[in-house]
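Undergrad: how would this look folded up:
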Amino acid sequence: MTKPLSLPEPHPTLPAHPQRWIILFSVCLAGLIMPINFTGPAVSLPAIATSLGGSAVALNWVTNAFMLTFGCSLMIAGALADRFGRKRIFVSGLAVLTLSSLIMLAVRDIIAFDLIRALQGFAAAAAFAGGTAGLAQVFDGAERTKAFSLLGTTFGVGLAFGPVMAGFLVQHFGWHSIFTSVSLLSAIALATGTRYMHESRDPAAAKLDWLGAVAFTLALTLLTYAIIQAPESGWNSHGIIALFCSALLSMLAFVLIERRVRRPMLDLSLFRYPRFVGVQFLAAAPAYSYVVLLVLLPLRFIGVEGYSPLDTGIIMLALSAPLLVLPMLAGLLAHRFSAGIIASVGLLICAFGLVGLAQYASGQPFYRLILPLLIIGCGISLPWGLMDGLAVSVVPKERAGMATGIFSTIRVAGEGIALAVVGALLATLVERHLPVMPLADTVAGAHRLAMGDLPQAAALLKIDAVALKQSYEAAFHSLLYILALLAAISGGIVFVFLRHTSPSPLATLKSIADEPAE
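TA: Numbers count the residues shown, from 1 in each chain. From the prediction side, this is the model:
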């Protein structure tokens, strides 16, 4: 899950804003909502499935719809914040988030639920981009570093304690209470932001690259839908192939559009710089070694292992708690070692933890999970603590909205695609490990089992629960080995690109920022 960028210091010294700490409280509270709004539904998904029903594909969209629209709209939200006002975009996002969370209380259909989750992704992107860009205007120097450090810590708190809070709420008050809590937190952040945040804009901001935004969003949407639908329809089906081809054509159209417009949404020339490319690889790497576990593990622990939501939240604490402390260690190590070494070592530690997690078998004491989860959390903390600092080295303050957009879009879009890919891969692996010949309901049953819906899978496949658990466990272990391999490969790629010391593209972006608007 993404966290805010620490923006570079400005050249002129800004006068101290009298309400800057109240503004920081508002943005931090909004920042706390983002990971809770991601991890909460993951923990409560079995309860949501029981309450609302729906196909396995529709249930996949409970998390993917939020991540997809969040990732697709970050660059758009950043550009809108610079052009129309950071406060306006921040407040608008929080208002929509507050109202949509309240509407969730009356939803009785999974399709409507997914659509509202998609709307929440747009709203979260607006609040994220507007809030972080707005902070850059009221804090300066050492105070700015402290402010963004506190905001990053808030995200860490949300990731670490979000599953515990969600588990407690689901177990005692039902899954609706998660969205009641989100609505309450959003309303408080909205009230303080409306009262104390002052409006600011980028006077040099260009008009929004709507064609590029549409092409980018369409490409990611088609790709994600194809990956989610593939296990059920078949990877070789004509419909899935058509979706993949359409996604590729949309991405090619996006590239062509960005090469032709004067002020592109994404400056593709930056990818000529090896260190910039390395930072983007680093942005996507945690998706496969950490973020997907935030969704898959609760489904396994609650739906297959039979743990309560609260126990699951406590177990998940071991995975995320290291992010509260250890990213600071990465900053200290950066004074002695290169970013490529630190990040690649961290990803290799993640790979080791994933292999250790694959040794856990169903029925073993839950404390056997703690050590591998801690290893994964400690490993991901090293690149996690470096990513923001590396990203801002290529982004000037004058494009604060773009600063939020470029890095965070690749990061969140990578997370959304990773969730779709890994979920589809698990469903395929489960199908291959089932102890039955292919039947009409095999694909649907495997998909249900991958989603942690053991009773429905047993009803579709006519297999007892013990055999299904064994099939699921074998598939999950295979998946963890694949994720460990991906983490190790990512570590190697990051090391190769970040060992370069080519000139920073900062000057390139500054020249872009100084160009007149269209």
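Undergrad: in the stretch 151-300 of the chain, which spans are helices?
TA: Along the stretch 151-300 of the chain, counting by DSSP state H, counting those that start in this stretch, helices occupy 176-196, 210-233, 238-260, 274-286, 292-298.
Undergrad: quick check: which of those is nearest to Phe497?
TA: Closest to Phe497 of the helices of the stretch 151-300 of the chain is helix 274-286 (Cβ to Cβ; 2.9 Å). Yep, even glycine has a C-beta here, placed from its N, CA and C like the rest.
Undergrad: which non-adjacent residue is nearest Lys469?
TA: Distances taken as Cβ to Cβ, 6 or more residues apart in numbering put Ser362 closest to Lys469, at 5.5 Å, once the chain neighbours are dropped.
Undergrad: over to Leu425?
TA: Leu479 is the one closest to Leu425 (Cβ to Cβ, 6+ apart), at 6.3 Å.
Undergrad: show me the contacts for Leu190.
TA: 91, 94-95, 98 (Cβ atoms under 8 Å, 6 or more residues apart in numbering).
Undergrad: most neighbours among those residues, which one?
TA: For the contacts of Leu190, the largest neighbour count, defined by other Cβ atoms under 10 Å, is 30 neighbours, found at Leu94.
Undergrad: tell me the helix or strand right after the host helix or strand of that residue.
TA: Assigned by DSSP states H and E, Leu94 belongs to helix 86-103. Heading C-terminal from helix 86-103, the first helix or strand you meet, by DSSP H and E, is helix 110-138.
Undergrad: any idea of the angle that next one forms with helix 210-233?
TA: 140 degrees (axes from the mean of the first three to the mean of the last three Cα atoms, to 10 degrees).
Undergrad: for helix 110-138, buried residues please.
TA: Across helix 110-138, burial judged by 16 or more other Cβ atoms under 10 Å covers 110, 113-114, 116-138.
Undergrad: Leu190 and Val91, how far apart?
TA: Per Cβ to Cβ, to the nearest Å, Leu190 is found 6 Å from Val91.
Undergrad: got it, and Gly193?
TA: From Gly193 to Val91 the distance is 6 Å (Cβ to Cβ).
Undergrad: what of Asn37?
TA: When distance is defined by Cβ to Cβ, Asn37 is 18 Å away from Val91.
Undergrad: and the strands in the chain?
TA: With DSSP state E, there are no strands along the chain.
Undergrad: shaky segments in the stretch 101-250 of the chain?
TA: Scanning the stretch 101-250 of the chain for pLDDT under 70 picks out 145, 204-206.
Undergrad: over to the stretch 401-518 of the chain?
TA: The stretch 401-518 of the chain contains residues with pLDDT under 70 at 401-407, 436-441, 500-518.
Undergrad: 80 instead?
TA: 401-413, 435-442, 444, 499-518 (pLDDT under 80).
Undergrad: show me where it has its helices.
TA: Taking DSSP H, counting those that start in this stretch as the criterion, the stretch 401-518 of the chain carries its helices at 442-450, 454-461, 465-498, 506-514.
Undergrad: out of the ones you listed, which is closest to Leu45?
TA: Among those, helix 442-450 sits nearest to Leu45 (Cβ to Cβ), with 12.0 Å.
Undergrad: the closest one vs helix 465-498, what angle?
TA: Relative orientation of helix 442-450 and helix 465-498, computed by the same axes, to 10 degrees: 70 degrees.
Undergrad: so what secondary structure elements neighbour helix 442-450?
TA: Secondary-structure packing of helix 442-450 (3 or more Cβ pairs under 8 Å, 6 or more residues apart in numbering; DSSP states H and E): helix 56-84, helix 210-233, helix 400-433, helix 454-461, helix 465-498.
Undergrad: to Ala343, which of the ones you listed lies closest?
TA: Between the helices and strands packed on helix 442-450, helix 465-498 lies closest to Ala343; by Cβ to Cβ that is 5.0 Å.
Undergrad: coming back round to it: give the other helices and strands that the helix holding Leu94 contacts.
TA: helix 20-52, helix 56-84, helix 110-138, helix 176-196.
Undergrad: I'd like the average pLDDT over the first one.
TA: Put plainly, it is helix 20-52. Helix 20-52 shows an average pLDDT of 88 in the prediction.
Undergrad: now do that helix against helix 442-450: the angle between them, please.
TA: Between helix 20-52 and helix 442-450, the angle comes out at 140 degrees (the same axes, to 10 degrees).
Undergrad: distance check, Ala287 against Gly174.
TA: Taking Cβ to Cβ, one finds Ala287 at 30 Å from Gly174.
Undergrad: now swap in Ser92 and tell me
TA: Between Ser92 and Gly174 the computed distance is 30 Å (Cβ to Cβ).
Undergrad: and if you look at Gln280?
TA: Separation of Gln280 from Gly174 (Cβ to Cβ) stands at 40 Å.
Undergrad: which one's more surrounded, the two?
TA: Gln280 (20 against 13).
Undergrad: which residue is the nearest non-sequential neighbour of that one?
TA: Ile410 (5.0 Å).
Undergrad: for the one you found, the count of nearby residues, please.
TA: 22.
Undergrad: so it sits right up against Ala284, yeah?
TA: Yes - with contact defined as Cβ atoms under 8 Å, Ile410 reaches Ala284; the gap is 6.3 Å.
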